[in-house]
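A.B. asks: Coordinates for the following, if possible.
(one chain, ligands or ions: 1)
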Amino acid sequence: MKIVQTADGSDTLFLPELNEHYHSTFGAIHESRYIFIEHAFKAIEPDKVPVFIFEVGFGTGLNALLTDLTAKALRREVRYTAIEKYPLEKEVWGQLNYPQLAQKQDSSKEFRKIHESPWGVPAEIDDGFILTKIRADILKPIQLKEDFNIIYFDAFGPDVQPDLWSEEIFQNMNRLLEPGGIFITYSCKGEVKRNLKAAGFEIEKLPGPPGKREILRARKS
Ligand SMILES: C[S@@+](CC[C@H](N)C(=O)[O-])C[C@H]1O[C@@H](n2cnc3c(N)ncnc32)[C@H](O)[C@@H]1O
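C.D. replies: Modelled structure (predicted):
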């Protein structure tokens, strides 16, 4: 595992076994904000209180941090559940520069709370922002109660982890969402689109952030 800097100055991780980065090398913070915050979190109707979000691939906690900071600025309540099979050690997440770059003021306190909150139980990170981190494998059955409003699908790419982008996994994601709920991801691969449609989603292609032509937003039919 290596920390590398991306084009907007924010860090990401490089995993040599898979030859994969955790984020786009064109800008980790820029990519996360553009895809997950701008095109999913901010696209949710104001009458959804709180907003229930499920993230596949908690990783560095960057999406959770950006969602928390945005929720605070917009005064929106959030219940954020994230699944992760391989949690990072403090030696790794503690070196990432997200708290210095995510907004003007330092957000180290929030980032630390996000990472140090226990696994498997809800934890209050900020007023109105409750995080539940689940240490589990998305390929195995999991029990989750909420009808989520949004799924941030942020697994490693379909070329390196094809099992995570299958019709069966997308059917599970579909079951977790409320009708009309948003599924958002950075991959616009043909097979991903086909599997999403077969799993009961209506898909929409959106222009991508730097380095990516298009991204996918899907809604539960
Ligand atoms: C692209 S990275 C995640 C990026 C993350 N959202 C972030 O902001 O850092 C993919 C993540 O999925 C996790 N992962 C891989 N296989 C998994 C599985 N079967 N179940 C749950 N998580 C998995 C990886 O450990 C990694 O943290």
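
A.B. asks: For this structure, which segments count as strands?
C.D. replies: Under the criterion DSSP state E, the chain contains strands at 2-5, 11-15, 20-21, 51-56, 78-84, 123-126, 129-135, 148-153, 177-185, 201-207, 214-220.

A.B. asks: Mean pLDDT, mean neighbour count and distance to the ligand for those - can I get that in CSV?
C.D. replies: Just so you know, the C-beta spots here come from the backbone N, C-alpha and C atoms, and that holds for glycine as well. Formatted as CSV, those follow (pLDDT from 0 to 100; neighbours: other CB atoms under 10 Å; distance: least, CB to the nearest ligand atom, whole Å):
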stretch, mean pLDDT, mean neighbour count, distance to the ligand
strand 2-5, 98, 12, 12
strand 11-15, 98, 18, 7
strand 20-21, 97, 16, 7
strand 51-56, 98, 23, 6
strand 78-84, 98, 22, 5
strand 123-126, 98, 16, 15
strand 129-135, 98, 20, 9
strand 148-153, 98, 25, 7
strand 177-185, 97, 19, 10
strand 201-207, 97, 15, 18
strand 214-220, 97, 20, 14
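
A.B. asks: Which of those strands sits closest to residue 161?
C.D. replies: Nearest of the strands of the chain to residue 161, taken as CB to CB: strand 20-21 at 8.6 Å.

A.B. asks: Could I get the buried residue list for the longest helix along the chain?
C.D. replies: The helix that spans the most residues within the chain, counting by DSSP state H, is helix 62-74. Residues of helix 62-74 classed as buried: 62-72 (neighbour count, 16 or more other CB atoms under 10 Å).

A.B. asks: Among those, which ones lie close to the ligand?
C.D. replies: Restricting the buried residues of helix 62-74 to those adjacent to the ligand (criterion: CB under 6 Å from any ligand atom) gives 62-63.

A.B. asks: Same list, the buried residues of helix 62-74, but as CSV with pLDDT please.
C.D. replies: Putting those into CSV (pLDDT from 0 to 100) gives the following:
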residue, pLDDT
62, 98
63, 98
64, 98
65, 98
66, 98
67, 98
68, 98
69, 98
70, 98
71, 98
72, 97
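
A.B. asks: quick one: contacts of the longest helix of the chain?
C.D. replies: Outside of helix 62-74, the residues within contact range by CB atoms under 8 Å, 6 or more residues apart in numbering are 23, 28-29, 32-33, 36-37, 41-42, 51, 53, 55, 58, 76-78, 80, 82, 96, 98-99, 102-103, 107, 110-111, 114, 125-129, 131, 152, 154.

A.B. asks: and what of stretch 182-190?
C.D. replies: With CB under 8 Å, 6+ apart, stretch 182-190 has contacts from 24, 31, 35-36, 39-40, 43-44, 149-154, 157-158, 165, 170, 173-174, 177, 192, 196, 201, 205, 208, 212-220.

A.B. asks: now stretch 205-219
C.D. replies: Everything outside stretch 205-219 that qualifies as a contact, by CB under 8 Å, 6+ apart, is 7, 24-27, 30-31, 34-35, 39-40, 43, 180-188, 192-193, 196, 201-204.

A.B. asks: Ends of it, what's the gap?
C.D. replies: End-to-end span of stretch 205-219 (CA to CA, to the nearest Å): 12 Å.

A.B. asks: Over to stretch 27-47?
C.D. replies: Span of stretch 27-47 from end to end, CA to CA: 32 Å.

A.B. asks: what about it, distance to the chain center?
C.D. replies: 10 Å (CA atoms, centre = their mean, to the nearest Å).
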